[in-house]
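# sequence-free structure coming up:
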């Protein structure tokens, strides 16, 4: 859909595929028309807690929030933190808006579109947490460059997280798991893997709910894996 280029060492991912599915219900369309404009990330300028929420609170960012249940859960759990979510899929954004309305959650801002485009506007060292849950695995080798976990985006993740900040990744796809471990192994100067025993990446930690997609994976016999990395 769109392409974004950057100089070395970053080559950011692109958006691929469709951006909408079934037609929105009337109530969902109303949320997109009325609530989304109130919550949208500004179209330009730096993305900071102060510009979004008016203070210097801890800032979280979720790449591809799906239907928004994880984003909403975390925002409700930590009302004094700020949460930014980016999702290109219209139907997911509409569902997430329902969670925000029902909360009601006043500490959430949303972007419908390319997550990395917005993440690049976050000042370096500004993020407390960064989430990448069940990204598209692009399992074919010829599509490997489309995977969100690649050297360019990982450099960006490291730049935006403050020292001690945490990157959380979930996947149920063995190819993506192996790929992620390989890529992250190349970034040991930037990230420490927090797993000390197998159960540390076989089950989610506290404050990390299983998404709708994760639950579906288990029902269909696929095991989700949960990876946690701390910014050095």
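Okay, I see it. On a predicted model such as this, the values are computed, not experimentally measured, just so you know.

# center of this structure - which residue?
Centroid-nearest residue in the chain, with CA atoms, centre = their mean: residue 63, separated by 2.0 Å.

# For burial, what's the neighbour tally of the closest residue in space to it that isn't next to it in sequence?
What sits nearest to residue 63 in space, not counting adjacent residues and going by CB to CB, 6 or more residues apart in numbering, is residue 115, at 4.2 Å. In short, each C-beta sits where N, CA and C put it, glycine included. As a burial measure, residue 115 scores 25 neighbours (other CB atoms under 10 Å).

# I am assuming residue 115 contacts residue 84, so please confirm or correct that.
No: contact between residue 115 and residue 84 fails when scored by CB atoms under 8 Å: they sit 9.2 Å apart.

# Just list whatever residues bridge to the residue nearest to the centre of the chain.
With DSSP bridges as the criterion, residue 63 is bridged to residue 86, residue 132.

# So it is in contact with residue 132, correct?
Yes: counting by CB under 8 Å, residue 63 does reach residue 132; the two are 4.8 Å apart.

# Which residues are in contact with the residue nearest to the centre of the chain?
86, 115-116, 119, 130-132, 135, 148 (CB atoms under 8 Å, 6 or more residues apart in numbering).

# who's in contact with residue 232?
163, 189-192.

# export those to TSV and tack on distance to residue 27?
Output for the contacts of residue 232, formatted as TSV (distance: CB to CB, whole Å):
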residue	distance to residue 27
163	43
189	49
190	43
191	41
192	44
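
# phi, psi of the residue nearest to residue 133 when sequence neighbours are not counted?
Nearest non-adjacent residue to residue 133, counting by CB to CB, 6+ apart: residue 170, 4.4 Å away. The phi/psi pair for residue 170 (degrees, to the nearest 10) reads phi -130, psi 140.

# number of nearby residues for residue 170?
Residue 170: 25 surrounding residues under other CB under 10 Å.

# one step back: now flag whichever of the contacts of residue 63 is closest to residue 227.
The closest of those to residue 227 turns out to be residue 132 (CB to CB; 9.2 Å).

# Which parts of this structure are helices?
Counting by DSSP state H, one finds helices in the chain at the ranges 26-34, 36-39, 49-53, 69-77, 90-102, 115-119, 151-160, 174-185, 199-202, 212-219.

# which one of those has the lowest average pLDDT?
If those are sorted by mean pLDDT, helix 212-219 sits at the bottom with a mean of 80.

# Can you list the buried residues in it?
Neighbour counts using 16 or more other CB atoms under 10 Å place 213-214, 217 of helix 212-219 among the buried residues.

# hmm, back to that, would you reformat the helices of the chain as TSV and include distance to residue 225?
Shown next, in TSV, are these (distance: least, CB to CB, whole Å):
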stretch	distance to residue 225
helix 26-34	32
helix 36-39	31
helix 49-53	31
helix 69-77	16
helix 90-102	22
helix 115-119	21
helix 151-160	17
helix 174-185	5
helix 199-202	5
helix 212-219	10
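
# And those: which comes nearest residue 226?
Nearest of those (CB to CB): helix 199-202, 5.4 Å.

# For the closest one, enumerate the helices and strands it packs against.
Using 3 or more CB pairs under 8 Å, 6 or more residues apart in numbering; DSSP states H and E as the contact test, the elements touching helix 199-202 are strand 225-231.
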